[in-house]
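# model this:
(one chain, ligands or ions: 1)
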Amino acid sequence: MPSTGVDVVPSSVGFIGLGVMGKPMVVNLAAKLPPGSLIHVHDIVAAVVDELVASFPGIVVRCASAADVTSKSDVIFTMLPEGAHVKSVYLDPHTGILSALSGPSSHSAGKLVIDSSTIDTATSLIVKEQLAISSPTTSFYDAPVSGGVLGAVNGTIAFFLGCSPDDANIPRLTYFLGMMGGKVIPCGGPSLGLAAKLSNNYLSGIITIACSEAMDMGMRAGIDANVLASVFAAGTAQNAICDVFNPVPGVCPKAPSSNGYQGGFRVQLMRKDIGLALDMARRLGTRNALGTSGLGVYAAASEAADCKDLDSRVVFRYLGGIENWKEPMS
Ligand code: NAD
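The predicted model follows:
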């Protein structure tokens, strides 16, 4: 790991939300934190806590609540499904993070609290404001991620950080986030990590639909799918979805589409993110010509029995694309 200018001493880290992303992030922390460090964890699902505690005895420690994690940790991460979960984990008056930071016996000085959930910017700003009121010495950051479950397992996810590049906590943030991911990009200020993440996924989701339609059109005209993908790669349509995550099975052998659309980024998560992006666009008054139809495609694919729970590039299937194009025509 590159030097960050932070003294390498044992740390007390907290982690709340141990789902498909959070659990491998904790595994990476457990492997990379200096000896003697502790990771205090909490999730409403006991089985995942049991598994991590058993895998890392003496390092990963079970906690009864988010407040319990907070009181025992100097740096606290949250990785939760949606804004409602984030509100509850932070603001619950009895079990929430804030309750542990604002009590008379709290030791909150200099704590970092980092939310990596993909949620709406308004909720993130409310949480930040409440923390600032109750515990002015605690610093809260939005730091959503990109790179999916594979990136979380491999420690290569990118963090989009809601602060300026010269924020005083950048060295500490980079130190801890660097154990779980690759790039850490400061996006300018509070909630802008989320604004960046939602803009990115809006673009990625819309490109996927356009790529699926263009592939289907060209293939039905008689062009081989690989030839078509190489045309797009050489021309002005070049993009990462076509080159690396091509929605047509068999074009990119390592892409989820070539593995029955297993793995990757679930179509329901893309529906959620495009919905959040459109809410943001509405609030900001931007004109999004493609957003509403894009959201409709992902909403319908999320409900379709042959697409639900699969990688979002399954929209090629939803739109009726030819998946078995390598088989000889009868
Ligand atoms: P997940 O549903 O697998 O995990 C969420 C975890 O939070 C679960 O273990 C759940 O039990 C726990 N949880 C919920 N409420 C809780 C509470 N009140 N207290 C403690 N724990 C609670 O979700 P995930 O796929 O890990 O995603 C987490 C976030 O990361 C989401 O916002 C998602 O949009 C985002 N994200 C996911 C991916 C992906 O590929 N899965 C990629 C990038 C970003």
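# per-residue confidence for the residue in the stretch 1-150 of the chain that the ligand sits nearest to?
Using Cβ to the nearest ligand atom, the closest approach of the stretch 1-150 of the chain to the ligand is made by Gly19 at 1.7 Å. (Glycine included, C-beta is placed from N, CA and C.) Turning to Gly19, the model gives it a pLDDT of 96.
# name the nearest residue to it, ignoring sequence neighbours.
Setting aside the residues directly before and after it, Gly19 is nearest to Met79 in space (Cβ to Cβ, 6 or more residues apart in numbering), at 6.8 Å.
# ok so, going back, how near is the residue of the stretch 1-150 of the chain closest to the ligand to Ser102?
Distance from Gly19 to Ser102, counting by Cβ to Cβ, to the nearest Å: 27 Å.
# and if you look at Lys111?
12 Å.
# more neighbours, the two?
Lys111 (23 against 17; other Cβ atoms under 10 Å).
# look up the closest residue to the more buried one, ignoring the ones flanking it.
The nearest residue in space to Lys111 (Cβ to Cβ, 6+ apart) is Thr138, at 4.7 Å.
# now the common contact residues for Lys111 and Ser102.
Ser135 (Cβ atoms under 8 Å, 6 or more residues apart in numbering).
# show me where pLDDT drops low in this protein?
For the chain, applying pLDDT under 70 flags the ranges 1-5, 103-108, 329-330.
# return the set of buried residues in the biggest helix by length in the chain.
Using DSSP state H to define each element, the chain has its longest helix at helix 192-220. For helix 192-220, burial by neighbour count (16 or more other Cβ atoms under 10 Å) applies to 192-202, 204-213, 215-216, 218-219.
# quick check: what element follows it along the chain?
The helix or strand immediately downstream of helix 192-220 is helix 225-234, counting by DSSP states H and E.
# buried set for that following helix?
Ala225, Leu228, Ala229, Phe232.
# can I get those residues in CSV with distance to the ligand?
Conversion of the buried residues of helix 225-234 to CSV gives the following (distance: Cβ to the nearest ligand atom, whole Å):
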residue, distance to the ligand
Ala225, 26
Leu228, 28
Ala229, 24
Phe232, 25
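# state whether Phe159 is indeed within a helix.
No. Assigned with DSSP: H, G, I helix; E, B strand; the rest coil, Phe159 falls outside any helix and is strand.
# can you get me a residue count around it?
29.
# domains of the protein?
With automatic domain parsing as the criterion, the domains of the chain are listed as 12-190, 195-318.
# would a markdown table of those domains with distance to Val6 be doable?
Below are the domains of the chain laid out as a markdown table (distance: least, Cβ to Cβ, whole Å):
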| stretch | distance to Val6 |
| --- | --- |
| domain 12-190 | 4 |
| domain 195-318 | 24 |
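# could I get the full set of helices for the stretch 51-200 of the chain?
Per DSSP state H, counting those that start in this stretch, the stretch 51-200 of the chain carries helices over the ranges 66-72, 83-91, 97-102, 121-134, 148-154, 170-180, 192-220.
# so which residues on the stretch 1-150 of the chain come close to the ligand?
16-22, 42-45, 48, 79-81, 85, 88-89, 117-118, 145, 148-149 (Cβ under 6 Å from any ligand atom).
# so what's Asn239 up against?
Contacts of Asn239 (Cβ under 8 Å, 6+ apart): Ile207, Cys211, Phe232.
# could you do Met179 as well?
Here Met179 is in contact with Met1, Asn28, Leu29, Lys32, Leu33, Gly155 (criterion: Cβ under 8 Å, 6+ apart).
# please redo it, this time with the cut-off set to 7 Å
Taking Cβ atoms under 7 Å, 6 or more residues apart in numbering, we find Met179 in contact with Asn28, Leu29, Lys32, Leu33.
# also Asn226?
Counting by Cβ under 7 Å, 6+ apart, Asn226 makes contact with Val251.
# tell me how far it lies from the ligand.
Going from Asn226 to the ligand by Cβ to the nearest ligand atom, to the nearest Å gives 27 Å.
# Glu303 now?
Distance from Glu303 to the ligand, by Cβ to the nearest ligand atom: 18 Å.
# next: Arg220.
31 Å.
# mind starting the numbering at 348 from now?
Right, with 348 as the first residue, what we last looked at is Arg567.
# which residue is the nearest non-sequential neighbour of that residue?
Ile669 (7.2 Å).
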